[in-house]
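1. for reference, the sequence and a predicted model appear below.
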Amino acid sequence: MLVVETVAKIRRAYFVQHKPIKQICRELMLSRKVVRKVIRSEATAFRYTRSVQPAPKLGPWRDELDRMLAANTGKPARERLTLTRIFEALRGLGYEGGYDAVRRYAKTWKRQQASVTAPAFVPLAFAPGEAYQFDWSHEIVLIAGVTTTIKVAHVRLCHSRMLFVRAYPRESQEMVFDAHDRAFAFFRGTCQRGIYDNMKTAVETIFVGRERAYNRRFL
């Protein structure tokens, strides 16, 4: 797999810094074939996927894992178990495989469920300045000797994959606005549209299909 960060480095070196292909190959230790493929393509990531993903140890436990994932999804957000807790519960029943197999299966399961309930897709190719993505992540850090959970805002340009991150104590709307303001200053501009994941500070109600009731202050 050619990761998006590497693709971004190649495109930035060629289109922005105007470096020759030979120099890019030498600096990033890549073949000319790979560099030319990135330059000529509009895709922002290249991935190879095996047609069959072997899971010898997980196989007998798939039905039980399906049941756990479905039950967990049906719970309120505050009561849902992390994937690590689900893995530990499966181990308690006798599963002897690793966490990565469970993680990969859960990711595929979630994607399949989403495709059944709400068919949608995000294109892999974007024009310069077309869109950015915004989302939050939860990170556990050590501050002054105290273990603390912080919220990290991620703003990524969809074309170049350039990333801006900033940590906050909460996910309040004021901090959403601050993250946008600082990201646009960092990027020296904004895009034609933003892509969001139905966060509560932006979306108040989700209707059928793509209809949403948006937060007035956010709009």
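-> Nice, I can see it. Residues are numbered from 1 along each chain as shown.
2. and the strands in this structure?
-> For the chain, strands defined by DSSP state E occupy the ranges 131-143, 146-157, 163-168, 193-195, 203-206, 212-214.
3. got any ranges where this protein has weak pLDDT?
-> Applying pLDDT under 70 to the chain flags the ranges 1-3, 42-56, 115-123, 209.
4. follow-up on the earlier one: okay if I get the strands of the chain as CSV plus distance to Glu5 and mean neighbour count?
-> All C-beta atoms are positioned from the backbone trio N, CA, C, and that covers glycine. Formatted as CSV, the strands of the chain follow (distance: least, Cβ to Cβ, whole Å; neighbours: other Cβ atoms under 10 Å):
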stretch, distance to Glu5, mean neighbour count
strand 131-143, 15, 13
strand 146-157, 11, 15
strand 163-168, 8, 15
strand 193-195, 19, 13
strand 203-206, 29, 12
strand 212-214, 31, 12
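5. let me see the domain layout of this structure.
-> 4-41, 59-115, 131-214 (the TED database).
6. can I get these in a markdown table including distance to Leu124?
-> As requested, these are exported to a markdown table (distance: least, Cβ to Cβ, whole Å):
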| stretch | distance to Leu124 |
| --- | --- |
| domain 4-41 | 10 |
| domain 59-115 | 15 |
| domain 131-214 | 9 |
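7. if we can go back for a sec, please identify which of the strands of the chain is closest to Leu90.
-> In terms of Cβ to Cβ, the element of the strands of the chain nearest to Leu90 is strand 131-143, at 22.8 Å.
8. so what sits opposite the residue nearest in space to the middle of the chain in the bridge?
-> The residue lying closest to the centre of the chain (Cα atoms, centre = their mean) is Asp135, at 8.2 Å. For Asp135, the beta-bridge partners under DSSP bridges are His154.
9. surely it and Asp197 touch.
-> Yes: counting by Cβ atoms under 8 Å, Asp197 is a contact partner of Asp135 at 5.4 Å.
10. quick one: the helices in the chain?
-> Listed in chain order, the helices of the chain (DSSP state H) span residues 4-11, 21-28, 32-40, 62-73, 83-92, 99-117, 173-187.
11. of the ones you listed, which stretch is the most buried?
-> Among the helices of the chain, helix 4-11 has the highest mean neighbour count (mean count of other Cβ atoms under 10 Å), at a mean of 19.
12. now for that one, which elements pack on it?
-> The contact analysis (3 or more Cβ pairs under 8 Å, 6 or more residues apart in numbering; DSSP states H and E) places helix 4-11 against helix 21-28, helix 32-40.
13. just send these back as CSV, with distance to Leu81 too.
-> As requested, those are exported to CSV (distance: least, Cβ to Cβ, whole Å):
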stretch, distance to Leu81
helix 21-28, 41
helix 32-40, 40
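14. closest to Arg166 out of those helices?
-> helix 21-28 (27.7 Å).
15. from the contact counts, what lies against that closest one?
-> Here helix 21-28 touches helix 4-11, helix 32-40, going by 3+ Cβ pairs under 8 Å, 6+ apart.
16. can I get the last one in CSV, CA atoms only?
-> Going back to what we said before, that points to helix 32-40. Extracted C-alpha coordinates of helix 32-40, given in CSV (Å, rounded to 0.1, in the frame of the first residue of the first chain):
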residue,chain,number,x,y,z
ARG,A,32,10.3,6.0,-11.1
LYS,A,33,7.4,3.8,-12.0
VAL,A,34,5.7,4.6,-8.6
VAL,A,35,6.4,8.3,-8.8
ARG,A,36,5.1,8.6,-12.3
LYS,A,37,1.9,6.7,-11.4
VAL,A,38,1.2,9.2,-8.6
ILE,A,39,1.9,12.2,-10.7
ARG,A,40,-0.3,11.0,-13.6
